[in-house]
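K.L.:
any chance you can model this:
(chains A, B, C and D)
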Protein chains: 2
Amino acid sequence: MSHTYEYPRPALTVDCVVFGFDGAGLKVVLIRRGLEPFKDAWALPGGFVQMEENLEDAARRELREETSLKNVFLEQLQTFGTVGRDPRGRVVSVAYVALVRPDKHPAKGDTDASEAAWFPLSELPPLAFDHDEILRVARERLRGKLRWQPLGFELLPEKFTLGQLQALYEAVLGTSLDKRNFRKKLLPYDFIVPLEQFTSGQHRPARLHRFDRHRYEALSRGGFHFEI
Amino acid sequence: MSHTYEYPRPALTVDCVVFGFDGAGLKVVLIRRGLEPFKDAWALPGGFVQMEENLEDAARRELREETSLKNVFLEQLQTFGTVGRDPRGRVVSVAYVALVRPDKHPAKGDTDASEAAWFPLSELPPLAFDHDEILRVARERLRGKLRWQPLGFELLPEKFTLGQLQALYEAVLGTSLDKRNFRKKLLPYDFIVPLEQFTSGQHRPARLHRFDRHRYEALSRGGFHFEI
DNA sequence: GCAAAAGTGTTTATGTTACACCCATGT
DNA sequence: ACATGGGTGTAACATAAACACTTTTGC
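P.N.:
Below is the predicted model of the structure:
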């Protein structure tokens, strides 16, 4: 070990923006902080990176500890390091975006966090630190990515209707889409596979579909181009 | 200050992938390391983040110190934090991408680095640390972004010919493009402004153009969509 | 029978691709 | 005169956008 350890260094945290979709709108997981600073305020789940821990592992650990979520889609977003973003001193945070299916994941607090809950993006409480900013960047990223990558499937149940898929796109993109054109665009790629199962309920049953990840990856390798 | 300082923490660095374009191919700035580890190996310019220094400021400072580059386009790329990526111990690096016009920027070493030089992407030496990986991600990002954003203008002189612009796109995307279709696609947006100046040289003079940043930003705000 | 969501095709407009020749200059 | 890169248009094709009615179910 050379001069690497000779001077003070920032603290390093990870923060996770966990998106979910309930059929109507996008939601995000927040935890109520149990400690100062910002005690009792809502914040993104996250915490300090351990010395021998990869960044993504730290993000997954914090998610597990604070929200009981595991095996979720997780991707690095951006690193936030403005001096003064944390009143405790210099803290640099590597932010991650996670996508989960709320039906599979109840989002209950476990250890550190006294409470964890889903919030609709339209009804957010004030957030601790610069977490509004992190969340804003995360929303932009999600909107940008959804158009070129079929991320939607990380947010929907394994079997879903085309109506649900479209509602998700509409919620993320903030626009309304034409039902026929939406299907015409997606279905020919054949990574959305129709099943012989249908929903039941008050209305006409809708056909269920599943996402064919292998088919999608094969297409991707061929350098295909897909845009909603 | 609470428990923030109670345990050991990773060291934090910034590393910069500086791209330039010389009319023929993409180049990147490397510095020859003067210290262990990887003494005398080539590496990306970068260094430790100071305690009261914003991340981007640290990146700009290191660029200035190691390569004399200033006032360049700079954007955060991704954070690399795999345990073991630095033999000195746990070092997490926030990587940045910079775009510069090589004509304006000679890239001479200044302080820390004994040497700084431009390397064509096709003739790279072995790099220190995980800098190959960082560079790989940077190239991908550049390729991805160039198609939706007119980044090209950061890499070309203020006044440029359409031939130069096309050569740049071809170098970054790794494809060849049709001259007529390329112009037909870009010019109607009117953010490339023809000038009444022409090159001189061995061949027919080419009209010079400039990038109209305001026009581009006005278009962007209108949510326009541009793709090569 | 009515309310509510599912499902389905065609036409028109727009954008993309492919393609070949003449022009201006320096040597 | 020739070598070199600059500059220009059109037709075929593919993709995107606009648009309305019928079906099935639960109540």
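K.L.:
now A:Lys159: closest residue in space, sequence neighbours ignored.
P.N.:
A:Leu208 (4.2 Å; Cβ to Cβ, 6 or more residues apart in numbering or on different chains). No exception for glycine: its C-beta is placed from N, CA and C like everyone else's.
K.L.:
any idea what the one you found is bridged to?
P.N.:
A:Thr161 (DSSP bridges).
K.L.:
contact partners for it?
P.N.:
By Cβ atoms under 8 Å, 6 or more residues apart in numbering or on different chains, A:Leu208 lies in contact with A:159-161, A:194-195, A:197-199.
K.L.:
of those residues, buried ones?
P.N.:
A:160-161 (16 or more other Cβ atoms under 10 Å in any protein chain shown).
K.L.:
looking at the contacts of A:Leu208, which one is closest to chain B?
P.N.:
A:Phe160 (27.4 Å; Cβ to the nearest Cβ).
K.L.:
surely that closest one touches A:Ala206?
P.N.:
No. Because the distance of 9.3 Å does not satisfy Cβ atoms under 8 Å, A:Phe160 is recorded as not touching A:Ala206.
K.L.:
pull up the residues of chain A that are close to DNA strand D.
P.N.:
A:178-181, A:184-185, A:200-205, A:227 (Cβ under 7 Å from any atom of the strand).
K.L.:
if we use 6 Å, what do you get?
P.N.:
Neighbours of DNA strand D within chain A, by Cβ under 6 Å from any atom of the strand: A:178, A:180-181, A:185, A:200-205, A:227.
K.L.:
in chain A, what residue spans correspond to helices?
P.N.:
For chain A, the helices defined by DSSP state H cover A:55-67, A:131-146, A:152-155, A:162-173, A:179-186, A:213-221.
K.L.:
nearest to A:Cys16, of these?
P.N.:
helix A:55-67 (5.5 Å; Cβ to Cβ).
K.L.:
and the residue nearest to A:Lys159, what pLDDT?
P.N.:
For A:Leu208, the pLDDT comes out at 98.
K.L.:
give me the neighbour count for A:Gly201.
P.N.:
8 (other Cβ atoms under 10 Å in any protein chain shown).
K.L.:
kindly report the same for A:Val72.
P.N.:
22.
K.L.:
mind checking how far it is from A:Gly20?
P.N.:
10 Å (Cβ to Cβ, to the nearest Å).
K.L.:
joint contacts of the two?
P.N.:
A:99-100, A:105.
K.L.:
returning to what we had before: TSV for the helices of chain A, including mean neighbour count, mean pLDDT and distance to chain B?
P.N.:
As requested, the helices of chain A are exported to TSV (neighbours: other Cβ atoms under 10 Å in any protein chain shown; pLDDT from 0 to 100; distance: least, Cβ to the nearest Cβ, whole Å):
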stretch	mean neighbour count	mean pLDDT	distance to chain B
helix A:55-67	22	96	4
helix A:131-146	17	97	9
helix A:152-155	22	94	20
helix A:162-173	19	97	11
helix A:179-186	13	97	15
helix A:213-221	13	92	13
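K.L.:
which positions in chain A make contact with chain B?
P.N.:
A:1-2, A:4-5, A:7-12, A:35-37, A:48-49, A:51-55, A:76, A:78-79, A:81-83, A:86, A:88-92, A:94 (Cβ under 8 Å from any Cβ of the partner chain).
K.L.:
filter the residues you listed down to the buried ones.
P.N.:
Buried among these (16+ other Cβ under 10 Å): A:4, A:9-12, A:48-49, A:53-55, A:76, A:78-79, A:81-83, A:86, A:90-92, A:94.
K.L.:
what residue ranges in chain A score low on pLDDT?
P.N.:
Within chain A, the ranges that satisfy pLDDT under 70 run A:1-6, A:106-114.
K.L.:
near DNA strand C, which residues of it are found?
P.N.:
Residues of chain A lying near DNA strand C (Cβ under 6 Å from any atom of the strand): A:161-163, A:179-180, A:203-204, A:206-207.
K.L.:
what's the closest of the residues you listed to DNA strand D?
P.N.:
A:Arg204 (2.8 Å; Cβ to the nearest atom of the strand).
K.L.:
what lines up beside the longest strand anywhere in chain A in the sheet?
P.N.:
Ordering each strand of chain A by length in residues (DSSP state E) puts strand A:11-21 first. With DSSP bridges as the test, strand A:11-21 is paired with strand A:26-32 (antiparallel), strand A:46-48 (antiparallel), strand A:91-99 (parallel).
K.L.:
want to throw those into TSV with distance to B:Ala24?
P.N.:
Formatted as TSV, the strands paired with strand A:11-21 follow (distance: least, Cβ to Cβ, whole Å):
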stretch	distance to B:Ala24
strand A:26-32	46
strand A:46-48	46
strand A:91-99	37
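K.L.:
domain map for chain A?
P.N.:
A:11-146, A:152-221 (automatic domain parsing).
K.L.:
would you mind giving those domains as CSV with distance to B:Leu151 added?
P.N.:
Formatted as CSV, the domains of chain A follow (distance: least, Cβ to Cβ, whole Å):
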stretch, distance to B:Leu151
domain A:11-146, 16
domain A:152-221, 23
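K.L.:
which one of those lies closest to B:Asp212?
P.N.:
Per Cβ to Cβ, nearest to B:Asp212 of the domains of chain A: domain A:11-146, 24.1 Å.
K.L.:
how far away from the center of its chain is the closest one?
P.N.:
9 Å (Cα atoms, centre = their mean, to the nearest Å).
K.L.:
same check, this time on stretch A:139-155
P.N.:
That offset, for stretch A:139-155, works out to 9 Å (Cα atoms, centre = their mean).
K.L.:
do stretch A:190-209 as well
P.N.:
Distance, centroid of stretch A:190-209 to centroid of chain: 25 Å (Cα atoms, centre = their mean).
K.L.:
now do stretch A:150-169
P.N.:
Worked out by Cα atoms, centre = their mean, stretch A:150-169 lies 14 Å from the chain centre.
K.L.:
export that stretch to PDB, keeping only CA atoms.
P.N.:
C-alpha atoms of stretch A:150-169 as PDB (Å, rounded to 0.1, in the frame of the first residue of the first chain):
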ATOM      1  CA  PRO A 150     -37.500  -4.000 -23.600                       C
ATOM      2  CA  LEU A 151     -37.100  -3.100 -20.000                       C
ATOM      3  CA  GLY A 152     -40.800  -3.300 -19.500                       C
ATOM      4  CA  PHE A 153     -40.600  -7.000 -18.800                       C
ATOM      5  CA  GLU A 154     -38.700  -6.300 -15.600                       C
ATOM      6  CA  LEU A 155     -41.700  -4.300 -14.300                       C
ATOM      7  CA  LEU A 156     -44.500  -6.600 -15.400                       C
ATOM      8  CA  PRO A 157     -45.600 -10.000 -14.100                       C
ATOM      9  CA  GLU A 158     -44.200 -13.000 -16.000                       C
ATOM     10  CA  LYS A 159     -47.400 -13.300 -17.900                       C
ATOM     11  CA  PHE A 160     -49.000 -10.000 -18.900                       C
ATOM     12  CA  THR A 161     -51.500  -8.600 -21.300                       C
ATOM     13  CA  LEU A 162     -50.700  -6.300 -24.100                       C
ATOM     14  CA  GLY A 163     -52.900  -3.700 -22.400                       C
ATOM     15  CA  GLN A 164     -50.700  -3.800 -19.400                       C
ATOM     16  CA  LEU A 165     -47.500  -3.500 -21.400                       C
ATOM     17  CA  GLN A 166     -49.000  -0.500 -23.300                       C
ATOM     18  CA  ALA A 167     -50.100   1.100 -20.000                       C
ATOM     19  CA  LEU A 168     -46.600   0.800 -18.700                       C
ATOM     20  CA  TYR A 169     -45.100   2.400 -21.800                       C
END
